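A.B. asks: Here's a sequence, model it:
(one chain, ligands or ions: 2)
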Amino acid sequence: MRILLVHPECQSSLIGFRLAAMPEPLALEMVAASVPDHDLRILDMRVEADLAGTLEEFAPEMVVVTSLTTEVYAAQDVMRAAKEFSGEIFTVIGGIHASLLPEDFFLPYVDVISAGEAELNFPQLVKAVENHQPLKNIPDLIWRDSDGQFVRNDPGPMKLDMDKLPMPRRDLIERNRDEYFWLFSKPDISMATGRGCPFRCNFCSVWQFYKGITRQMSARRVIDEIKTIDMDHITFMDDNFLMNYRRETAIAEMIVAEGIQKRYSMECRTDSVVRHPDLVKKWADIGLSSVLLGLEAVSDEGLKGINKGTDLKTNDEAVRIMHDNGVIVWGAFITDPDWEADDFKRLRDYVDKMKITQTQFTVLTPLPGTELYRERKNELLTDDYTCFDALHAVTRTRLPREEFYKLYAGLYRQTSLEPYYELVSSGRMTVEDCKRGKEMLDIMSQWELYLDQDPVLGSNRGKKKVGLTAQPAE
Ligand code: B12
Ligand code: SF4
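C.D. replies: Ligands and ions are numbered 1, 2, ... in the order given. A predicted model of the protein is given here:
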């Protein structure tokens, strides 16, 4: 079959995490890898907008789309356009949002919603569609019965041998390689060596999506994949790469033994860092350049409130360990709509005190499917998913909203660029990277840019109704 896999584009403003990272469409590369015997094409609309031209030229029989919560409308648009182009095209939606809230895709132009990991049902789906067979025995599929009603199949076991996962189909996006980046590394390659997380932060969708199960590839399988990559920088997309001391030590040792010379970035919890500083040193010695650290809050109370399971002392120590090893810290922090001016000041003071070079400030957002959502869904001011980008307050703010955004955006106003200069002078960052970092801060610190998409002040308020209220577009 000719299968077109589409990553939708949802970015509509200057601000956004796009400034700090735009990794390759790894999910679609994995979906593609699960059906190798077909004619496959990936269209990443973040870098190539021409959906109509691709439909015309490739003439797909199936269009497959992935979607985070922020991307729901963009994903719906892609499927609607595919069906309008040809009623014969079979449309499939999958990924984290469709898995947690499939009802948002109960739409006339959607044929199937695939919940969970592609490897567990997508190959069977493609086979069934190709051979005009029934879909009723394929796990975790939501499909349309003869009356046009969506029916959900049982989930089936989440049995997956991570070592048997095929290599992602990076060849399908190679033409866009130079566009993908992670913080100061451009171009960049993404790798995912584990799935799921054993922790239970209340704002997080990961453990909900993986139903509390955590799995990792063996060190050997990780090395085999690294060896297929001919680029200098790899980012591990795992939510907590350093969680398994034995495995990550083995990977580092194999990298040395096999003479692999690259640079790496990763995401990490602070307690994993503090538990094994020697592991950080090992990785720094083999090229660890930056770590996205989930610091989240600057008080024990704040960390408890989100059920992070760490404390401030551990966070401080983790930052220190990274600094001692010359690793760039990309600190992720969560602000709260309930904050007063002092809370913002406390956070900015912490960032300055700890010399955190790169920062990510999000607004606490009850993302559908999370524990926080269940607790706070009655407080939501909007059901417009484009506001759920973690840059906007979707619940009431204690401060007047403009004031909230002024203080929030102001967090990005670096009081000192000294950490950047240190990185440039020590050769860990180029002048170009430094300029890019500075530009990012300049944009993210303009508070007016946050207003247009605000659920109360913004120009698109009330225009979109989704969630369980999703209506057919016709
Ligand atoms: C890389 C990443 C990013 C990247 C790229 C995002 C993107 N759109 O691709 C960047 C840095 C830009 C980013 C930004 C954001 N992200 Co992000 N990110 C991740 C991360 C760490 C890894 C995703 C990944 O590549 N995984 C590896 C691939 C292989 O797995 P996968 O994507 O799950 O795909 C599998 C299945 O889902 C399924 N599948 C997926 N699509 C499809 C389609 C079909 C048809 C089928 C059959 C199956 C299928 O099969 C795949 C293989 O098994 C996840 C955490 C996580 N563990 O998922 C968060 C995560 C996806 N991000 C999240 C969030 C909240 C955001 C932000 C809103 C804010 C923020 N704090 O970062 C922004 C907004 C992005 C936007 N587009 O608006 C949430 C999403 C929650 C949700 N309900 O949507 C996650 C889950 C983190 C969390 N803690 O909850 N993010
Ligand atoms: S540690 Fe990270 S991935 Fe794990 S539950 Fe918390 S936020 Fe989610």
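A.B. asks: and the residue of the chain found nearest ligand 1, what are its bridge partners?
C.D. replies: For the chain, the residue closest to ligand 1 is Gly94, as judged by Cβ to the nearest ligand atom, at 2.2 Å. Where C-beta positions appear, they are placed from N, C-alpha and C, glycine not excepted. Counting by DSSP bridges, Gly94 forms beta bridges with Thr66.
A.B. asks: Can you get me a residue count around it?
C.D. replies: 30 (other Cβ atoms under 10 Å).
A.B. asks: go on, Val112?
C.D. replies: If we define neighbours as other Cβ under 10 Å, then Val112 has 25 of them.
A.B. asks: Same check on Thr69?
C.D. replies: 24.
A.B. asks: Equivalent analysis for the one 5 residues further on, please.
C.D. replies: If you count neighbours by other Cβ under 10 Å, Ala74 ends up with 22.
A.B. asks: Contacts only, for it.
C.D. replies: Pro8, Glu9, Cys10, Met45, Ser67 (Cβ atoms under 8 Å, 6 or more residues apart in numbering).
A.B. asks: who wins for neighbours among those?
C.D. replies: Of these, with other Cβ under 10 Å as the count, Ser67 tops at 28 neighbours.
A.B. asks: Quick check: chain neighbours aside, which residue is closest to it?
C.D. replies: Nearest residue to Ser67 in three dimensions, chain neighbours excluded: Ala75, at 3.8 Å (Cβ to Cβ, 6 or more residues apart in numbering).
A.B. asks: Which secondary structure state does Tyr405 sit in?
C.D. replies: Look at Tyr405: counting by DSSP: H, G, I helix; E, B strand; the rest coil, its state is helix.
A.B. asks: Tell me how far Arg320 lies from ligand 2.
C.D. replies: The gap separating Arg320 from ligand 2 is 20 Å, by Cβ to the nearest ligand atom, to the nearest Å.
A.B. asks: Could you list the low-confidence segments of this protein?
C.D. replies: 415, 460-474 (pLDDT under 70).
A.B. asks: near ligand 2, which residues of it show up?
C.D. replies: Residues of the chain lying near ligand 2 by Cβ under 6 Å from any ligand atom: Cys197, Phe199, Arg200, Cys201, Cys204, Val206, Trp207, Asp239, Asn240, Arg269, Gly294.
A.B. asks: Stretch 285-299 and ligand 1, any residue contact?
C.D. replies: No: using Cβ under 6 Å from any ligand atom, stretch 285-299 never reaches ligand 1; the gap is at least 8.6 Å.
A.B. asks: Can I get that stretch as CSV, trimmed to CA atoms?
C.D. replies: Extracted in CSV, the C-alpha atoms of stretch 285-299 (Å, rounded to 0.1, in the frame of the first residue of the first chain):
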residue,chain,number,x,y,z
ASP,A,285,33.9,12.1,29.4
ILE,A,286,32.3,10.5,26.3
GLY,A,287,30.6,13.6,25.1
LEU,A,288,27.5,14.5,27.1
SER,A,289,26.9,18.1,26.2
SER,A,290,23.5,19.1,27.7
VAL,A,291,20.8,17.7,30.0
LEU,A,292,17.2,18.8,30.2
LEU,A,293,16.7,18.6,33.9
GLY,A,294,13.2,18.4,35.3
LEU,A,295,13.8,20.8,38.2
GLU,A,296,10.1,22.0,38.0
ALA,A,297,9.9,24.0,41.3
VAL,A,298,12.1,25.9,43.7
SER,A,299,10.6,24.8,47.0
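A.B. asks: So what's the gap between that stretch and the chain middle?
C.D. replies: Centre-to-centre, stretch 285-299 and its host chain are 16 Å apart (Cα atoms, centre = their mean, to the nearest Å).
A.B. asks: Also stretch 302-310?
C.D. replies: With Cα atoms, centre = their mean, you get 21 Å for stretch 302-310.
A.B. asks: Now do the end-to-end distance for that stretch.
C.D. replies: Stretch 302-310 has an end-to-end distance of 10 Å (Cα to Cα, to the nearest Å).
A.B. asks: Same check on stretch 1-15?
C.D. replies: 39 Å.
A.B. asks: Return the set of buried residues in it.
C.D. replies: Under the neighbour-count criterion of 16 or more other Cβ atoms under 10 Å, stretch 1-15 has Ile3, Leu4, Leu5, Val6, His7, Pro8, Glu9, Cys10, Gln11, Ile15 buried.
A.B. asks: I figured the second one was touching Thr54, is that so?
C.D. replies: If I follow you right, that is Leu4. Yes: the pair Leu4 and Thr54 passes the contact test of Cβ atoms under 8 Å, sitting 6.5 Å apart.
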